[in-house]
Every structure is written in structure tokens, then in C-alpha cells.
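Engineer: My questions are about this predicted structure, shown below with the sequence.
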Amino acid sequence: MRLQFILAEIGIGLRRNLAMTISVILVTFVSLTFVGAAGLLQIQIGQTTDEWYDRVEVSIYLCPQDSDVPTCAAGEVSEEQMDALVAELEGEAMEPYVEQYYVETKEQAFASFQERFADEEWARGVTADQMQASLRVALVNPEQYQVVDDHFTGRQGVEEVFDQKRLIEPIILAMNRLSLVSAGLAGVMLLAAVLLITTTIRLSAMSRRRETGIMRLVGASNLFIQLPFMLEGAIAATIGAGLAVGGLWFGMRYLVEDWLAGSLEFIPWVGSEAVWTLAPLLVAVAIVLAAISSVVTLSRYTKV
């Protein structure tokens, strides 16, 4: 009987404040979508950083023909200079920093160039002699790039020392900033959701002051009186969370997996399954929003 009464009261409250209920659902949906987007971006940043940093290399570009760098004044790198550089990489000074290395000859560099730019018209006139040999070095800790840079920069036969991490960090920085923007917008929208849920519960409570007064007179407890209002807010917020989860899944499935992953294949994109990892958190946030709004409102507006 009590459950039937509570369900009836919930139905009455949702019908009386239908427009406000829809507003709560929509605001919760938008705010939790931003929360979920910020969470997915953090997952993406972590996955991208882990995978790229594991593959990042320091490239020691050796002197090509006709270089104007002072260390290449003698012309293209000689066998003696190459042997000296390899010996340095294998020496005790570099042992704590170098995980492994390999030599990329001009022919290997040309093969990689052709594979990458095979369809480009301008690349067809490039020959293997125009390529540049290099030493590709994988570090034990990519953050210690500066040690290798300082050790080999200025050596005879070395034109430039280049850390591939320089290419990665701007992308990760952009993702981090986008995540912060999403989190900021989410915070504003969550505040709006709390205020709107509070207003909805208050209007519902004020419209039923006569009923709550009668319930108080017949000895109903505070929890029994307040529970329908609390559940109204929780139901609306949970529906908004469900819509947010669905929207995030749709975006990840069709925008990221079908479009971005095909266009930018070098990025290890997070899949739509990550949304289900965040789904319980989003639902929990929705319920907490409703609970906070209910506690703030009901202690005042259900008194008779």
C-alpha cells in the first residue's frame, strides 16, 4: 500500500511539473555529457601518452651532402665518424639512458619516404642519394632526452639531434586544454542542474502543501513525506544521465571510431567501450545531484 501511494505521488508530481521535469532531464543530460567528455579525454590522453612514449625515439641525423651546419663542414658523414658515434651509444656513459638503437641508412630512409609519400607528385623526383642517414635511439626513459641531446649535439658528423616527443607534446597539450574546457563547462552545467532540480522539487512541494499537511497530521514520518519528492528528482536526473551515456556512446561509435579513427590513423583512439566504464560514474553523479538538491529543499518546504 505504501509503495503504491509513493508511486502515485511520484506520478502526480511529474505530471504537474512536466515542463520543469523535462528541463531537469535536458540540463542533466548536457552537464553529464560534458563530464563524460572530459573523462573520455583523460582516458584518451593516458592511452595516447602511454603508447606514443613507448615508441618515441631520439633521431640523431647524420651529415648529408652540402649541409651548412658547422659540424658537417667536412661533407657527408664518414665511416670513421659513424663508428665513433656508434661506439658512444654503446659506451658506459650512455648505457643507463639507451635502451636500444639502430642505424637507418640512406636506402632505408628512402624506402620509408617512398612508403609514406608514394602518392605525392612532388616526391617522385627524390632519389636515395638525397636522403639522410640517422641513428634511431630508443630511451629507457623518454624524459631523459636532454642527456642524449647534450652528448651528441656538436659532434663531428652530426647535423641535428631531434626528439620525436616534440611532435607528441603539442597534441597532448591541446587534449589537456580541451579536457579542462569540458570540465569547466561541466561544472557550470552541473550547478545549473542542481539549481533547476532544487526549483522543481520546491515547486512540487509547494503545490502539495495541503497533502503533506494531512500526512503530517495522520502521523507520517519525514522520510515517508519527502521520499516521493526525492524520487522525482532522482528519476529525472537518472534519465538525463542515461541520455548522456547514450549520446557519448553514439559520438564515440560514429564520430571517433568511424570517422576520426579512419582519418587520423596514427592516434590510438579510445573505443566506444570506454563509455561503459564511465556510465556508472555518470549515473552516480546524477543521483548525488538529486540527493543534494532534495536535502537542501525538502527540509524547508515540506514543513507544515
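Structural biologist: In hand now; what should we look at?
Engineer: Tell me which residue is most central in this protein.
Structural biologist: Nearest residue to the geometric centre of the chain (C-alpha atoms, centre = their mean): residue 41, 1.2 Å.
Engineer: could you say which helix or strand contains the residue nearest to that residue when sequence neighbours are not counted?
Structural biologist: Of all residues not flanking residue 41 in the chain, residue 179 sits nearest, at 4.0 Å (C-beta to C-beta, 6 or more residues apart in numbering). C-beta: built from backbone N, CA, C; applies to glycine. Taking DSSP states H and E as the criterion, residue 179 maps to helix 165-207.
Engineer: ditto for residue 59
Structural biologist: If you go by DSSP H and E, residue 59 is part of strand 57-62.
Engineer: now that strand and helix 165-207, what's the angle there?
Structural biologist: 150 degrees (axes from the mean of the first three to the mean of the last three C-alpha atoms, to 10 degrees).
Engineer: in the helix or strand harbouring residue 137, what's buried?
Structural biologist: Secondary structure from DSSP H and E places residue 137 in strand 134-139. Using 16 or more other C-beta atoms under 10 Å as the test for burial, strand 134-139 gives 134, 135, 137, 139.
Engineer: would CSV of those residues with distance to residue 271 be doable?
Structural biologist: Converted to CSV, these look like this (distance: C-beta to C-beta, whole Å):
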residue, distance to residue 271
134, 35
135, 36
137, 32
139, 29
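Engineer: Among the residues you listed, find the lowest-pLDDT one for me.
Structural biologist: Least confident entry in the buried residues of strand 134-139, by pLDDT: residue 139, with 82.
Engineer: Enumerate every residue touching that residue.
Structural biologist: By C-beta atoms under 8 Å, 6 or more residues apart in numbering, the residues touching residue 139 are 56, 57, 58, 97, 98, 99, 145, 148.
Engineer: State the distance from it to residue 84.
Structural biologist: Look at residue 139 and residue 84: by C-beta to C-beta, to the nearest Å, they are 21 Å apart.
Engineer: export the contacts of residue 139 to CSV and tack on distance to residue 156?
Structural biologist: Output for those, formatted as CSV (distance: C-beta to C-beta, whole Å):
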residue, distance to residue 156
56, 26
57, 22
58, 19
97, 21
98, 20
99, 25
145, 21
148, 17
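Engineer: Now flag whichever of those is closest to residue 251.
Structural biologist: If you rank those by distance to residue 251 using C-beta to C-beta, residue 56 comes first, at 29.3 Å.
Engineer: neighbours around the closest one, how many?
Structural biologist: Residue 56 has 17 neighbours, counted by other C-beta atoms under 10 Å.
Engineer: Residue 142 is in contact with that one, correct?
Structural biologist: Yes. Between residue 56 and residue 142 there is a contact under C-beta atoms under 8 Å: 4.9 Å.
Engineer: and for the two, which residues touch both?
Structural biologist: Residues within reach of residue 56 and of residue 142 at once, by C-beta under 8 Å, 6+ apart, are residue 165.
Engineer: Would you mind measuring from the residue nearest to the centre of the chain to residue 156?
Structural biologist: Residue 41 is 46 Å from residue 156, by C-beta to C-beta.
Engineer: do residue 237 as well
Structural biologist: Distance check for residue 237 against residue 156: by C-beta to C-beta, it reads 69 Å.
Engineer: out of the two, which sits in the busier spot?
Structural biologist: Neighbour totals were compared for residue 237 and residue 156, and residue 237 leads with 30 against 16 (other C-beta under 10 Å).
Engineer: Sticking with the more buried one, tell me its helix or strand.
Structural biologist: Here residue 237 sits within helix 222-250, counting by DSSP H and E.
Engineer: Likewise for residue 161?
Structural biologist: Going by DSSP H and E, residue 161 is part of strand 158-163.
Engineer: so how far is stretch 132-140 off the chain centroid?
Structural biologist: Computed by C-alpha atoms, centre = their mean, to the nearest Å, the chain-centroid distance of stretch 132-140 equals 30 Å.
Engineer: same deal with stretch 179-196?
Structural biologist: 17 Å.
Engineer: same question, stretch 277-289
Structural biologist: Distance of stretch 277-289 from the chain centroid (C-alpha atoms, centre = their mean) equals 18 Å.
Engineer: Mind listing residues that contact it?
Structural biologist: 28, 32, 35-36, 39-40, 43, 190, 193-194, 197, 234, 237-238, 240-242, 244-245, 248.
Engineer: could you redo the last one with a cut-off of 6 Å?
Structural biologist: Contact partners of stretch 277-289, identified using C-beta atoms under 6 Å, 6 or more residues apart in numbering, comprise 28, 32, 36, 39, 193, 194, 234, 237, 238, 241, 244, 245.
Engineer: residues of it that come out buried?
Structural biologist: 278, 279, 282, 283, 285, 286, 289.
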